[in-house]
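Q: what's the 3D shape of this:
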Amino acid sequence: MSTNGASNGFQKQELDPNQGGDPNKKTYNKQATGEALKTAQSRSAEHDLKLYGSCFCPFVHRVWISLELKGLDYQYVEVDVYRKPKLLLDINPRGLVPALRHGDWGCYESTVLMEYLEDLQQGRALLPRDPKLRASSRLWSDHINRHIIPAFYRYLQAQEADDQVKFAGELKGHISKAVDAADSEGPFFLGKDMTFVDVQLAPWIVRLEKVLKPYRGWPDPEPGSRWEKWVRAVEGSEAVKKTTSDDQLYLDSYERYAENRPNTSQVREAINSGGGLP
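A: Predicted structure coming up:
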């Protein structure tokens with residue numbers, strides 16, 4: 001009589017490394033849900049311009065929002081970034097998403113890809129024409145990458161109450177600097193239209209509500225504040241809504257960060273070591 005797991009119709013569940021051998025631990029989702037799934041399905045047809053992404057990844061979310069906001073035609077390809085398929089490694093030897101393939105050419109890094117889409121000069125421009133405003137947009141995009149995003153992960157990954165208070169304060173301070181630099185009327189960073197800086201920050205605005213609020217008690221924006229106006233404008237953007245999954249996907253996918261679990265991601269390792277984003 002066979003004793004292997006498949007003989008009676010059952011197969012042992014394959015665990016992800018970040019589950020630590022515990023099948024009850026949540027892991028990253030491998031398919032978008034809700035509106036993002038509808039968009040992924042509508043963008044599944046073969047196309048010369050391909051975005052390789054993972055549905056939970058905020059860096060992918062940036063490029064995905066850009067493509068939708070610009071109104072470009074493209075193909076969305078979901079990849080399991082932790083299994084690092086060859087089609088991804090062929091573009092990015094580090095096996096990280098997002099990755100973009102345009103014909104025979106491939107590239108990676110979310111901000112670089114957003115700038116590449118701008119340089120195509122197709123669809124709606126997200127960087128303003130004025131050189132000073134373009135420079136300002138790049139400056140505040142750098143602030144988001146250098147300060148806001150690392151503070152987000154330091155806060156989420158912190159396990160001690162004192163550290164959580166400290167890192168929450170840091171995150172609020174970095175956000176406040178961006179708000180102070182924004183157009184006073186808004187609702188977006190440069191005024192009435194969503195542009196490059198808004199897209200850079202948008203995935204983390206979404207995750208403040210869907211991740212930091214349930215896991216760390218992140219507060220709602222103060223009613224009537226400039227920050228609330230910015231948050232609501234980003235959340236109400238059709239391009240953001242069309243590329244955002246249901247709440248449960250983010251709760252599941254970010255549990256490993258909230259527990260600061262080993263084998264979570266290169267971002268987690270970089271933050272824990274005190275380094276910048278990988």
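Q: Now do the same contact list for the most centrally placed residue in the chain.
A: Taking Cα atoms, centre = their mean as the criterion, P58 is the residue nearest the geometric centre of the chain, at 0.4 Å. By Cβ atoms under 8 Å, 6 or more residues apart in numbering, P58 lies in contact with P203, W204, V206, R207. Just so you know, the C-beta spots here come from the backbone N, C-alpha and C atoms, and that holds for glycine as well.
Q: Check the residues you listed against M114 and report the nearest one.
A: Ranked by distance to M114 (Cβ to Cβ), the contacts of P58 are led by P203 at 11.9 Å.
Q: shouldn't the closest one be in contact with I65?
A: Yes - with contact defined as Cβ atoms under 8 Å, P203 reaches I65; the gap is 7.5 Å.
Q: higher neighbour count, the two?
A: Neighbours per residue (other Cβ atoms under 10 Å) separate P203 from I65, with I65 holding more: 27 against 24.
Q: gap between the more buried one and R256?
A: Distance, I65 to R256, using Cβ to Cβ, to the nearest Å: 24 Å.
Q: P278 now?
A: 16 Å.
Q: neighbour-wise, which of those two wins?
A: Between P278 and R256, R256 has the larger neighbour count (other Cβ under 10 Å), namely 23 against 12.
Q: which stretches of the stretch 1-150 of the chain form helices?
A: 34-42, 58-70, 86-89, 110-119, 131-143, 149-157 (DSSP state H, counting those that start in this stretch).
Q: Point out the most buried one among those.
A: Neighbour counts averaged per stretch over the helices of the stretch 1-150 of the chain are highest for helix 58-70, at a mean of 25; criterion: mean count of other Cβ atoms under 10 Å.
Q: So which residues of the stretch 151-278 of the chain form helices?
A: According to DSSP H, counting those that start in this stretch, the helices that the stretch 151-278 of the chain contains are 161-181, 196-207, 213-216, 226-236, 238-242, 247-258, 266-272.
Q: list the buried ones in the fifth one?
A: In this case it means helix 238-242. Going by neighbour count (16 or more other Cβ atoms under 10 Å), the buried part of helix 238-242 is A239, V240, K241, K242.
Q: Ok, the fourth one next?
A: By neighbour count with 16+ other Cβ under 10 Å, helix 226-236 contains the buried residues R226, W227, K229, W230, V231, A233, V234.
Q: In TSV: those, plus pLDDT and distance to Q41.
A: Formatted as TSV, the buried residues of helix 226-236 follow (pLDDT from 0 to 100; distance: Cβ to Cβ, whole Å):
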residue	pLDDT	distance to Q41
R226	98	37
W227	98	34
K229	98	33
W230	98	30
V231	98	28
A233	98	27
V234	98	24
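Q: for those, which one is nearest A36?
A: Nearest to A36 among the buried residues of helix 226-236: V234, at 15.6 Å, using Cβ to Cβ.
Q: need the contact list for the closest one.
A: F188, M194, D198, L201, A202, I205, V206, V240.
Q: What of R154?
A: F167, E170, L171, I271.
Q: do the same with A45
A: Taking Cβ under 8 Å, 6+ apart, one finds Q75 in contact with A45.
Q: any idea how far P219 is from S42?
A: S42 is 35 Å from P219, by Cβ to Cβ.
Q: quick revisit: dump the buried residues of helix 238-242 into a markdown table; add pLDDT and distance to P214 as well.
A: Output for those, formatted as a markdown table (pLDDT from 0 to 100; distance: Cβ to Cβ, whole Å):
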| residue | pLDDT | distance to P214 |
| --- | --- | --- |
| A239 | 98 | 24 |
| V240 | 98 | 19 |
| K241 | 98 | 20 |
| K242 | 98 | 23 |
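Q: Give me the local confidence score for S2.
A: On pLDDT, S2 comes in at 37.
Q: isn't Y257 right next to Q159, touching?
A: No - Y257 sits out of contact with Q159 when judged by Cβ under 8 Å, with a separation of 11.2 Å.
Q: Of the two, which one has the most company?
A: The neighbour count for Y257 versus Q159, taken as other Cβ under 10 Å, is higher for Y257 (20 against 9).
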